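Visitor: Fold the following, please.
(2 chains)
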Amino acid sequence: MKNLSNYTTMSKAKFRIAAALTALPALLSAQQTEAPGPNPVYTNPVFLVMVITAIVLLFVIYSLTATMKNLSARKKEESEKSSSGMSAVLVLLAAGSSLPASAENLMPPVTIGGLDSWIVVLLGLVILVEFLVILVIIQSVKNLLIGLGLQQEPDPDSVKPWINWKWLDRQLTDAIPLDREAEVMTDHEYDGIRELDNNLPPWWVYGFYFTIIFGFFYLLNYHVFRTSPLPAQEYQEQLAEAELMKKEQLQKAAANVDETNVTMLTDAAMLASGKEIYTGNCAACHGQAGEGGVGPNLTDKFWLHGGGISNVFKTIKYGVPAKGMIAWQSQLKPEAIQKVASYVLSLQGSNPANPKEPQGPEWVEETSGEAAAQTDSLSAVANDTLSSAMAQH
Amino acid sequence: MEVERFEYDNRTPRDFAIASIVFGLIGMLVGLYAALELVFPNLNLGLPYTTFGRIRPLHTNAVIFAFVGNGIFAGVYYSLQRLCKARMFSDKLSRIHFWGWQLIILAAAITLPLGITTSKEYAELEWPIDIAITVIWVIFGWNMFGTILKRRVQHLYVAIWFYIATFVTVAVLHLVNSFELPVNFLKSYSWYAGVQDALVQWWYGHNAVAFFLTTPYLGLMYYFVPKAANRPVYSYRLSIIHFWALIFIYIWAGPHHLLYTALPDWAQSLGTVFSFMLIAPSWGGMINGLLTLRGAWDKVREDVVLKFMVVAITAYGMSTFEGPMLSLKNVNAIAHFTDWIIAHVHVGALGWNGMLTFGMLYWLFPRFYGVKLYSGKLANFHFWIATLGIMFYAIPLYWAGLTQFEMWRDFTSDGFLQYPNFLETVTQLIPMYALRSLGGSLYLIGFFVMIYNLWKTAAAGKFVAEESAEAAPLPAGHTPGRAAGEHWHRVIERRPTQMLIFSLIMILIGGIVEMVPTFLIKSNVPTITNVQPYTPLELQGRDIYVREGCYTCHSQMIRPFRFETERYGEYSKAGEFIYDHPFQWGSKRTGPDLHRVGGKYPDSWHYNHMDEPTSMSPGSIMPPYPWLLDDELDTSTTAAKIRAMQTLGVPYPEGYDARANRDLVAQELSIQANLKSSGVETPANKEIIAVIAYLQRLGIDIKGEHKVSFDGETAQVQP
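Guide: Next comes the predicted model:
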């Protein structure tokens, strides 16, 4: 009777854990739905395989512990050896469930097989722990069986171990066998510690020689024959390679937008994408609604470096280092600059709250010739450096 | 021969053991706190003393010098007496050593959160504490050598060779690396600058790992493993070869911390090849430890002390294999500046040092108190949860390191960085940081269980402070030379002074070959004419940067990779750092590199960013530094700092110290005005102004558009 009640409380606890595990995908998928993405996590094959493995292992643990309980009850003995392992799994699950909250961000996550890498690591660790727990339980079950006399204790001489240790020992160490140890025993004795004088393991000796020879060749390679590039040269090679790739890419890309041919976009989808770029990169200085902050107000008619799509494109692309405007050309593609410039210009006259005072001359859309003059003055400003700004003050 | 009766002093090793436990607990708790700050950036509770930048050095110093340090002394004081069959040379010296070391730790625990730091990793303590360390270390050596000289055993056991090498090398490392010029009681500048400072620092840093975390622990392994297993040491010849090879080769390996930096190429290559050679001597130690257990593996299954030791030696083997791999250029390019390195050192620290210490403590306490260990079950639990803790700690961080490197490096097909915003590569790692904290917590739970277990053990027994022993004294007179058929090394083992001198020679060679040319040959640090000294305000700002421990998260070293130069700008050149006392290259990028941050953002950006980082970089895990906006800059130190820099060779004009503060105020006012034009109103004499001045100066000299003159009325910054 006692045995039975033991069973039920046990299985309740196990079911709770199993429920927690099966709830995990739901939890994660809730997280996933917030982010735009066509594939919810619970349909991801990697995820499914890992979760199913984890659950299967959990059931193995469950049945093994049940067997063990049963056996130990027969032996009238407490032996809850698996509790430590289980609590570790529980801690893990608790940590796992709280993680998505802190992982919240707008950035595209790095994925493994389409899965957030941290989920893979977490599940991997869960599976690892489960394996360890199973090993521990199997050992305990074996011990119990032996204790109950249901299984013979293995005779160390008759058992063929998984790995032939004696053979491995001979191959790896070149050592005197244990029973002939006296042959290599020295007369040294320190506080009861004796010293053998076994041969050095051959692989170790040859490994040592190898590393020394490797060292010589390494130095010859880099500093005498100079067959491999040192860092500075390696860097130049990287740059050249990148230059080549860029050229190829440019030839492929038909629409190659720059400040001379850029046009204002009006398509709503393009502007929405421009807004996203704006929020991620520009809003910190120019305000969420373009009202200005560290940087100038973008919604009024006054422009420090010229209004109009071409000038705005150019200001974003090359920046105005003297005034703290970053050059974005290494971070944003030309199309992206076109989108965000168009979005910025779409804010004209939107009158947001807390506008920054106007800066620079009022911009009037003019004929092409005068616009060109404006751009020239802009490049002069762009060439200024921070130090000039400091000297001005 | 008449047998002499004497007592072993158990009090000193017991006290060191307790100190190791107490400070281990504190050090690990601080580590966990720092780890959690990366997940919850506001965990410093708005205090300057608890920011990551200030408590990370506290964590490293506490676990290295307090936890492991006291562990070394506990083991050495216990084993040395027994291996020499002699009581420690002087009880008084033992006491001074014990309390002196604890006071040094206390001083570290007070000064580091206050921001009193030299910023040289694992050597952050300021000069008065450095002197105290020197004195106490000499006392330790004196006491140890005195004991060795009055020993009753003719030959020195391999454990003692390692103790001797530890003593001489740590002394040399500490003296050379701590060479600094005091400005006042709590502030000093490193004697070396830039590339040279970096070389000395990482020669020290790497060999702190070698001669504080490795050689003394190998000594302890050679005593406690054969003792606990009751087996003879596997191979005497292996002991000899791996000992001498280890200490000779280790000392060269420092430059592998500086691969792809501005360190001269030849020094980098020496670092690589010697690190690679280091596999063999390191594994020699592992083999000798593990194979000592030949014929005793059945005991390992039963005896928890041996379990801890086996995992410790295995972790040692793993991290000493990983280390040489990380020293190869192409692997280092991936791992450097990422969490991979954090994972690597923790396999060594938690695995090798932690587990060996635990094994040793479980072995020592029952012997100190003359009882059996209170609970084998609890010790077993500790073993398993600590092993799990190491895995939970290391695996997520390995992953984080690889992930971040991939994100740093990725280019789109049209040649743009895939993740141009550094922050993206950080927020991605936060879940890994959370998992790592979980691993650390598991490890700490085990630690608490051990404390309880040892406490109960001690309570059940009675402390045996004086343990009686007897041995015959050594015959007086001449030490015999080599007898026929005797191994040549036995001769040195009879002569401790020779052992000490040979060790010293061995460890001096590598350091001299690498350092002397770097200091003396001019081509190693090519001059860049545009590079000029810092203005007084920038110098003050730099000292605040040092005080806040910015280097713990931000490097100032752009490596020559396209993915770095696209992100940060032109790669860093040796000649740019000639006035950097101390260098600030850093070793980890939790935040972006700052070497070329000068001129990248407006002053007001920095002002707002320091006040609340997330206002300028949403999602940032950097803590706010509002006190920089409130606290006034202490300009009373300016003159002394300029004079100190002049002594170190920085070419400020004669008598500039008297004019320095005038220039400082002028530059403050210009930054104040600049801020005002962006709508930020602030008094000019705040610390933030100095920090902005420093940050805006970083990495711009090389562009040649920036000139500073110290000769005129004011240090005019001209376009």
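Visitor: in chain A, what residue is nearest chain B?
Guide: With C-beta to the nearest C-beta as the measure, A:Gly324 is the residue of chain A nearest to chain B, at 2.7 Å. From N, CA and C alone the C-beta is placed, and that goes for glycine too.
Visitor: Next up, the contacts around A:Gln329.
Guide: By C-beta atoms under 8 Å, 6 or more residues apart in numbering or on different chains, the contact set of A:Gln329 is A:Lys317, A:Tyr318, A:Ile337.
Visitor: The first one in helix, strand or coil?
Guide: Read it as A:Lys317. Three-state call for A:Lys317 (DSSP: H, G, I helix; E, B strand; the rest coil): helix.
Visitor: list the contacts for it?
Guide: With C-beta under 8 Å, 6+ apart, A:Lys317 has these contacts: A:Asp258, A:Glu259, A:Ala327, A:Trp328, A:Gln329, A:Pro334, A:Ile337.
Visitor: Equivalent analysis for B:Pro526, please.
Guide: B:Pro526 touches B:Lys573, B:Ala574, B:Gly575, counting by C-beta under 8 Å, 6+ apart.
Visitor: So which of these wins on neighbours?
Guide: B:Ala574 (21 neighbours; other C-beta atoms under 10 Å in any protein chain shown).
Visitor: gap between the residue nearest to B:Val525 when sequence neighbours are not counted and chain A?
Guide: Excluding its sequence neighbours, the residue lying closest to B:Val525 (C-beta to C-beta, 6 or more residues apart in numbering or on different chains) is B:Ala574, at 4.5 Å. Distance, B:Ala574 to chain A, using C-beta to the nearest C-beta, to the nearest Å: 11 Å.
Visitor: Take the contacts of B:Pro526 and write them to a markdown table, including distance to B:Arg14, secondary structure and pLDDT.
Guide: Shown next, in a markdown table, are the contacts of B:Pro526 (distance: C-beta to C-beta, whole Å; DSSP: H, G, I helix; E, B strand; the rest coil; pLDDT from 0 to 100):
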| residue | distance to B:Arg14 | secondary structure | pLDDT |
| --- | --- | --- | --- |
| B:Lys573 | 54 | coil | 94 |
| B:Ala574 | 51 | helix | 93 |
| B:Gly575 | 54 | helix | 93 |
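Visitor: secondary structure class for B:Pro113?
Guide: Going by three-state DSSP: B:Pro113 is coil.
Visitor: which residue sits closest to it, ignoring its sequence neighbours?
Guide: B:Tyr49 is the one closest to B:Pro113 (C-beta to C-beta, 6+ apart), at 4.0 Å.
Visitor: what sits against that neighbour?
Guide: Per C-beta under 8 Å, 6+ apart, neighbours of B:Tyr49: B:Ile55, B:Pro113, B:Leu114.
Visitor: Now the buried members of those residues.
Guide: B:Ile55, B:Pro113 (16 or more other C-beta atoms under 10 Å in any protein chain shown).
Visitor: Make CSV from the contacts of B:Tyr49 and add pLDDT to it.
Guide: Shown next, in CSV, are the contacts of B:Tyr49 (pLDDT from 0 to 100):
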residue, pLDDT
B:Ile55, 96
B:Pro113, 96
B:Leu114, 96
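Visitor: burial measure for residue 45, as a count.
Guide: Picking chain A for this. 10.
Visitor: my question was about chain B
Guide: B:Leu45 - counted by other C-beta under 10 Å - has 9 other residues nearby.
Visitor: and if you look at B:Glu612?
Guide: Neighbours of B:Glu612 (other C-beta under 10 Å): 15.
Visitor: Can you name the residue of chain B nearest chain A?
Guide: Counting by C-beta to the nearest C-beta, chain B gets nearest chain A through B:Pro602, at 2.7 Å.
Visitor: if I pick that residue, what's in contact with it?
Guide: Here B:Pro602 is in contact with A:Val294, A:Lys323, A:Gly324, B:Asn674, B:Ser678 (C-beta under 8 Å, 6+ apart).
Visitor: what about the stretch 51-200 of chain A, any weak spots by pLDDT?
Guide: A:75-114, A:151-161 (pLDDT under 70).
Visitor: got the contact list for the top strand by length along chain A?
Guide: The longest strand of chain A (DSSP state E) is strand A:185-190. For strand A:185-190, the surrounding residues in contact (C-beta under 8 Å, 6+ apart) are A:Arg194, A:Glu195, A:Leu196, A:Asp197, B:Leu83, B:Val153, B:His155, B:Tyr157, B:Pro232, B:Tyr236.
Visitor: And the closest residue in space to A:Ser346 that isn't next to it in sequence, which helix or strand is it part of?
Guide: The shortest distance from A:Ser346 to any non-neighbouring residue, by C-beta to C-beta, 6+ apart, is to A:Leu271 (5.6 Å). For A:Leu271, the element it lies in under DSSP states H and E is helix A:268-281.
Visitor: After that helix, which helix or strand is next? Please name it.
Guide: Next along the chain from helix A:268-281, counting by DSSP H and E, comes helix A:283-286.
Visitor: got the contacts of A:Lys317 as a markdown table, with distance to B:Gly69 columns?
Guide: Listed next are those as a markdown table, based on distance: C-beta to C-beta, whole Å:
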| residue | distance to B:Gly69 |
| --- | --- |
| A:Asp258 | 62 |
| A:Glu259 | 63 |
| A:Ala327 | 50 |
| A:Trp328 | 51 |
| A:Gln329 | 52 |
| A:Pro334 | 58 |
| A:Ile337 | 56 |
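Visitor: PyMOL command for the buried members of those residues?
Guide: In PyMOL syntax, the buried subset of these is picked out as below (16+ other C-beta under 10 Å):
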select buried, chain A and resi 259+327+328+334+337
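Visitor: returning to that earlier point: I'd like the contacts of B:Pro602 as TSV, with neighbour count, pLDDT and secondary structure appended.
Guide: As requested, these are exported to TSV (neighbours: other C-beta atoms under 10 Å in any protein chain shown; pLDDT from 0 to 100; DSSP: H, G, I helix; E, B strand; the rest coil):
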residue	neighbour count	pLDDT	secondary structure
A:Val294	25	83	coil
A:Lys323	20	77	helix
A:Gly324	22	78	coil
B:Asn674	22	93	helix
B:Ser678	20	88	coil
